[in-house]
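**Student:** Just need the structure, nothing else, for what follows:
(chains A and B)
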Amino acid sequence: DIQMTQSPPSLSASLGDKVTITCQASQNINKYIAWYQQKPGKAPRLLIRYTSTLESGTPSRFSGSGSGRDYSFSISNVESEDIASYYCLQYDNLPPWTFGGGTKLELK
Amino acid sequence: QVQLQQSGAELVKPGTSVKLSCKASGYTFTSNHMNWIKQTTGQGLEWIGIINPGSGGTSYNVKFKGKATLTVDKSSSTAFMQLSSLTPEDSAVYYCARMEAYYFDYWGQGVMVTVSS
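**Tutor:** Predicted coordinates for the structure are as follows:
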């Protein structure tokens, strides 16, 4: 099984900041990584698939990059509505699908 | 629009079983595989298993084999997950999620299962 190591577990940011979250896979996942946003009491929402492809409705301040084992997810100009938890998902070597441990983004 | 509507919260006793449902709408039910995912504070998000609504074929995470059983009712576009021999460790929020090109694009709202005597 592929392990996804996500960091940091929590992040504190001010409005307008740029923040970056990383996920490292235990082996090459060929860019098959997705990023999700989850607000309290809600289901995860797909933001980005295949490393950097934004889903319809995802604001352009969200971005993703990476290759091989190492991937990153960024939010430029953090807005109050971005306060949430974020998760990566690998969907290359299946099954099983595996998620990162999550990053909780809070306001400073 | 695609919607996955899950059944309501469950409070169940240890050793019993529970069957959760996920009713799909807004797309052709048999065109996309359906997945189930467990979320706990301690373990995060864990993939439980996948079912092909067209054929009924399933695949499970080894961790959940014997614990979860996935089925569908094509006539009502509903996916089900039965959890058996429940213990407090099965207390969690469970999601159904539609698969599109191997990633999960739409999720149900989640259902909280609490196992307690």
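**Student:** need the contact list for the most centrally placed residue in chain B.
**Tutor:** Among the residues of chain B, the smallest C-alpha distance to the mean C-alpha position (CA atoms, centre = their mean) belongs to B:Trp36, namely 3.6 Å. For B:Trp36, the contact set (CB atoms under 8 Å, 6 or more residues apart in numbering or on different chains) comprises B:22, B:47-50, B:68, B:70, B:79, B:81, B:94-97. C-beta here means a position set from N, CA and C on the backbone, and glycine is covered the same way.
**Student:** And for B:Gln6?
**Tutor:** Residues in contact with B:Gln6 (CB under 8 Å, 6+ apart) are B:Leu20, B:Ser21, B:Cys22, B:Lys23, B:Tyr94, B:Tyr95, B:Cys96, B:Gly108, B:Gln109, B:Gly110, B:Val111.
**Student:** Quick check: phi and psi at the residue nearest to it when sequence neighbours are not counted.
**Tutor:** Taking CB to CB, 6 or more residues apart in numbering or on different chains as the measure, B:Gln6 lies nearest to B:Gly108, with 4.0 Å between them; neighbours along the chain are not counted. Note on B:Gly108: backbone dihedrals following degrees, to the nearest 10 are phi -70, psi 170.
**Student:** Now A:Arg49. Nearest residue, chain neighbours left out?
**Tutor:** Setting aside the residues directly before and after it, A:Arg49 is nearest to A:Ala34 in space (CB to CB, 6+ apart), at 4.6 Å.
**Student:** Let me know how buried that neighbour is, in neighbour terms.
**Tutor:** Using other CB atoms under 10 Å in any protein chain shown, A:Ala34 has 26 neighbouring residues.
**Student:** Tell me the strands beside the strand or helix carrying it, with direction?
**Tutor:** Assessed by DSSP states H and E, A:Ala34 sits inside strand A:33-38. Taking DSSP bridges as the criterion, strand A:33-38 pairs within the sheet with strand A:45-49 (antiparallel), strand A:85-90 (antiparallel).
**Student:** what's the most buried one of the ones you listed?
**Tutor:** By mean neighbour count, with neighbours taken as mean count of other CB atoms under 10 Å in any protein chain shown, strand A:85-90 ranks first of the strands paired with strand A:33-38 at a mean of 25.
**Student:** Let's verify B:Lys63: helix, strand, or coil?
**Tutor:** With DSSP: H, G, I helix; E, B strand; the rest coil as the basis, the three-state label of B:Lys63 is helix.
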